[in-house]
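> quick one: sequence and predicted model below, then my questions.
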Number of protein chains: 2
Amino acid sequence: MNTSFSIIIADDHAMFLDGLTSILSKEKTIHISLTAKTGAQVLKYLRINTEEKIDLVITDINMPEMNGVELNTAIKSEFPQIKTLVVSMLEDAKKIKALTEANVNGYISKNAEKTELLKAIKSILNGENYFSPRIKQVLMEAMFSKKSKPEISLSKREIEVLKLIAQEFTTQEIADKLFLSKHTIESYRKNLISKLGVRNLAGLTRYAVEKGMLE
Amino acid sequence: MNTSFSIIIADDHAMFLDGLTSILSKEKTIHISLTAKTGAQVLKYLRINTEEKIDLVITDINMPEMNGVELNTAIKSEFPQIKTLVVSMLEDAKKIKALTEANVNGYISKNAEKTELLKAIKSILNGENYFSPRIKQVLMEAMFSKKSKPEISLSKREIEVLKLIAQEFTTQEIADKLFLSKHTIESYRKNLISKLGVRNLAGLTRYAVEKGMLE
DNA sequence: TTGAAACTCACGGTTTTCAGTGAAAACAAA
DNA sequence: TTTGTTTTCACTGAAAACCGTGAGTTTCAA
């Protein structure tokens, strides 16, 4: 039986990495095999040191080169026995969802207490998954809001036209750009207005900007 | 002469706080008087413990109750002899500028190395200010871009009208709301269009949304 | 292969916006 | 006190957007 667990910590914030290391190095049952600043470094290490048994990888989401989601997916496909815990600042529902789909074993916030961190690690090493209450809530809300909102879906053309409208092009100009009739663009504009529940160009533009469709 | 410096650390992220504490507690010349999760806690402590001499307060920008900028302003006005260092994730030019105007003594990023952290602390305790190269760059760029842009300034009424336009109200509706003539609103709209260098409602709306005028 | 969704086009009528031009009154700053 | 800014209002003609209604074609999944 294993009396000590080997873990890897990855985070691009040096101070946070130091902090986490210093907290965990006080735990007798935990051995820190590697601290890394990118997901790529972690993968490289795992691929080379095939004889060393790693139990857990603790990782941030936002890292250069390879982010947390990619790293998790890679680990779970190449080394399915290794557990993963994400410790992140973010509470972005999309990213959290992506992580659960990548079968991450736990997720806690960076402003969690030390005790919660240790609790999460112990749970995961014990074979359970651990998600902090706040994260569970975000996940629930994401599911819930998806059901409540009829999920307005726009077609390719609609998106194309909407973007151009928000970029201040007139109907005629958009028609010329897309080699379509002026009437066609008018139809799209009309449909967009009714689909998105807005009243005019201002509403369409606001929708586009707020959804980050322009860049 | 002082052989040991007393410092306070404030950050709402428990793990980061632990990390910073564990790094700094290894330094013989540094004594950690308090670790806090909010700016308000720090101020309270400073006001009560008037006999204890604090040399440096290390703080994040984003904290509940009282943020880094507010905390800095308060410290500098009530306890001008206390030095301050901001350690933050953000590189938002506006916030950084606000901090420099609050006379913060240093600013480094959370992904700075431990060595840079210690360097910054030592510089500041030595009477110098310390801003990491990256932060200096952001500040320079902010200054530079401000000079290049003629700084479009809108009057109260213009802002009022612009907001309503971006909220999908028609000219007539805005006129009614503000008890003005339809013609007046038309004048404002026209001026806004030429002032902001846009072509139509879409452009006005984009400007308003991107400047965060709606909320 | 069949039906739904997406894509395309058309037209007449109404409302709103856009562009140009002008100007009076109030107010603050120099 | 003069100058500049802000706020307010007016009119016209052209352009664009908005509204309703209808319909042919393509495309893709069930």
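Now that the structure is in, tell me what you want to look at.
> drop to CA atoms for contacts and neighbour counts, all remaining ones
Will do.
> so the closest residue to residue A:89 other than its chain neighbours versus residue A:58, what's the distance?
Beyond its immediate neighbours in the sequence, the residue positioned closest to residue A:89 (C-alpha to C-alpha, 6 or more residues apart in numbering or on different chains) is residue A:110, lying 5.2 Å away. To residue A:58, residue A:110 is 12 Å away according to C-alpha to C-alpha, to the nearest Å.
> what sits against the residue in chain A positioned nearest to DNA strand C?
Using C-alpha to the nearest atom of the strand, residue A:180 is the residue of chain A that sits closest to DNA strand C, at 3.3 Å. Counting by C-alpha atoms under 8 Å, 6 or more residues apart in numbering or on different chains, residue A:180 touches no other residue.
> can you confirm it is in a helix?
No - remark: residue A:180 does not belong to a helix; assigned using DSSP: H, G, I helix; E, B strand; the rest coil, it is coil.
> per-residue pLDDT of it, please?
According to the prediction, residue A:180 has pLDDT 94.
> returning to that earlier point: what is in contact with residue A:110 and residue A:58 at once?
Listed as contacting both residue A:110 and residue A:58 by C-alpha under 8 Å, 6+ apart are residue A:87.
> one step back: phi, psi for the residue of chain A closest to DNA strand C please.
When quoted as degrees, to the nearest 10, the phi and psi of residue A:180 stand at phi -130, psi 170.
> for residue B:56, see how far away it is.
Separation of residue A:180 from residue B:56 (C-alpha to C-alpha) stands at 66 Å.
> which residues in chain A form helices?
When assigned using DSSP state H, the helices of chain A occupy the ranges A:14-24, A:39-48, A:68-78, A:93-101, A:114-125, A:133-148, A:156-166, A:171-178, A:182-195, A:201-210.
> helices and strands of chain A: which one has the lowest mean pLDDT?
Of all helical and strand segments in chain A, the minimum by mean pLDDT, DSSP states H and E falls on helix A:133-148, at a mean of 70.
> number of nearby residues for the residue lying closest to residue A:74 once chain neighbours are set aside?
The shortest distance from residue A:74 to any residue other than its chain neighbours is 7.9 Å, reached at residue A:43 (C-alpha to C-alpha, 6+ apart). Around residue A:43 sit 17 other residues, with neighbours defined as other C-alpha atoms under 10 Å in any protein chain shown.
> thinking residue A:43 is in contact with residue A:77, fair?
No - in this structure residue A:43 lies outside contact range of residue A:77 using C-alpha atoms under 8 Å: 11.5 Å.
> check what pLDDT the residue of chain A found nearest chain B gets.
Among all residues of chain A, residue A:19 sits closest to chain B, at 2.9 Å; criterion: C-alpha to the nearest C-alpha. As predicted, residue A:19 sits at a pLDDT of 81.
> kindly report the same for residue A:152.
Residue A:152 carries a pLDDT value of 71.
> tell me the centre residue of chain A?
With the centre of chain A defined as its mean C-alpha position, the nearest residue by C-alpha atoms, centre = their mean is residue A:95, 2.0 Å away.
> just give the closest residue to it, not the sequence neighbours.
Residue A:95's closest residue in space is residue A:69 (C-alpha to C-alpha, 6+ apart), at 7.7 Å.
> the one you found - how many residues pack around it?
Summarising burial for residue A:69: neighbours were counted as other C-alpha under 10 Å, giving 26.
> sorry, back to before: show me the contacts for the residue nearest to residue A:89.
Under the criterion of C-alpha under 8 Å, 6+ apart, the neighbours of residue A:110 are A:87-89, B:13-16.
> for DNA strand D, see how far away it is.
For residue A:110, the distance to DNA strand D under the criterion C-alpha to the nearest atom of the strand, to the nearest Å works out to 41 Å.
> over to residue A:206?
Distance from residue A:206 to DNA strand D, by C-alpha to the nearest atom of the strand: 12 Å.
> surely that residue and residue B:166 touch.
Yes - distance between residue A:206 and residue B:166: 7.4 Å, which falls inside the contact criterion (C-alpha under 8 Å).
> tell me, what's touching those two both at once?
Shared contacts of residue A:206 and residue B:166 (C-alpha under 8 Å, 6+ apart): B:205-206, B:209.
> I'd like those residues as CSV, with pLDDT and neighbour count appended.
Below are those laid out as CSV (pLDDT from 0 to 100; neighbours: other C-alpha atoms under 10 Å in any protein chain shown):
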residue, pLDDT, neighbour count
B:205, 97, 30
B:206, 96, 24
B:209, 95, 20
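> flag the shaky bits of chain A, pLDDT-wise.
With pLDDT under 70 as the threshold, chain A has low-confidence stretches at A:1-2, A:91, A:142-151.
> for it, what lies in contact range of DNA strand C?
Residues of chain A found near DNA strand C, taking C-alpha under 7 Å from any atom of the strand as the criterion, are A:153-158, A:179-184, A:186-188.
> please consider this matter closed, and thank you.
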